[in-house]
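**Student:** just a sequence and a predicted model for now, questions to come.
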Amino acid sequence: MPVNPLKSLNEYSALIAETLSQPNVASSTVSVWSDSPYTGIAEGEALFTNGLRLRMREEVDFDAGLIISYGYEVYRGEERLYWYDDFPHPNDPTLASTMPHHKHIPPDIKRHRVPAPNMSFVQPNLPALIEEIEKIGQS
C-alpha cells in the first residue's frame, strides 16, 4: 500500500475494502465513488460482529491527499453511542488541542464534546474507528 492511500481513488477504495473485510466486520454497505477526477466519497454502514454499527461519510481530495470532511456515528441497536465530526468550535477551549476534530459523548451527546486525537485529515480514520469499536464491544 502506498504511503498515502488518500492520493487516488483506486488506493482509497482498496483501503476501505481491505479494512472492512476484517473478520470482525459482519457486513458493510460502504461505497466509494468519485464525483470528479480529484475528489471522492465513502459512505455507508458497517455492522460488526460485536453488534455495534458504524455509519460513516468521508470526502477526500485526492489531489491534496486529504480527508476534507467526515462524520462517523457508532450505534448499538438504535441507540447512538457517540459520534465524531469536524465542525469547528473555536469558542470551546477544551477542544483546542485537536481542533476541529472532536467526539460527541453522553450524557448530553449533542453538547458534550471532547478532543479527538485519533481523528485526522492527513491519514485514514477508519482503522482507528474500528479499533475503538472493537474495544467497546469487549467491555
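**Tutor:** Yes, it's here.

**Student:** now the longest helix that the chain contains: how far from the chain's centre is it?
**Tutor:** If you go by DSSP state H, the chain has its longest helix at helix 126-138. Taking the mean of its C-alpha atoms, helix 126-138 sits 11 Å from the chain's own mean (CA atoms, centre = their mean, to the nearest Å).

**Student:** now do stretch 43-51
**Tutor:** Worked out by CA atoms, centre = their mean, stretch 43-51 lies 12 Å from the chain centre.

**Student:** any buried residues in it, and which?
**Tutor:** Of all the residues in stretch 43-51, those buried under the rule 16 or more other CB atoms under 10 Å are A46, F48. The way it works is simple: take the backbone N, C-alpha and C, and place the C-beta from them, glycine included.

**Student:** contacts for that stretch?
**Tutor:** 20, 23-31, 53-58, 76-77, 130, 133-134, 136-138 (CB atoms under 8 Å, 6 or more residues apart in numbering).

**Student:** with that, I have no additional questions.
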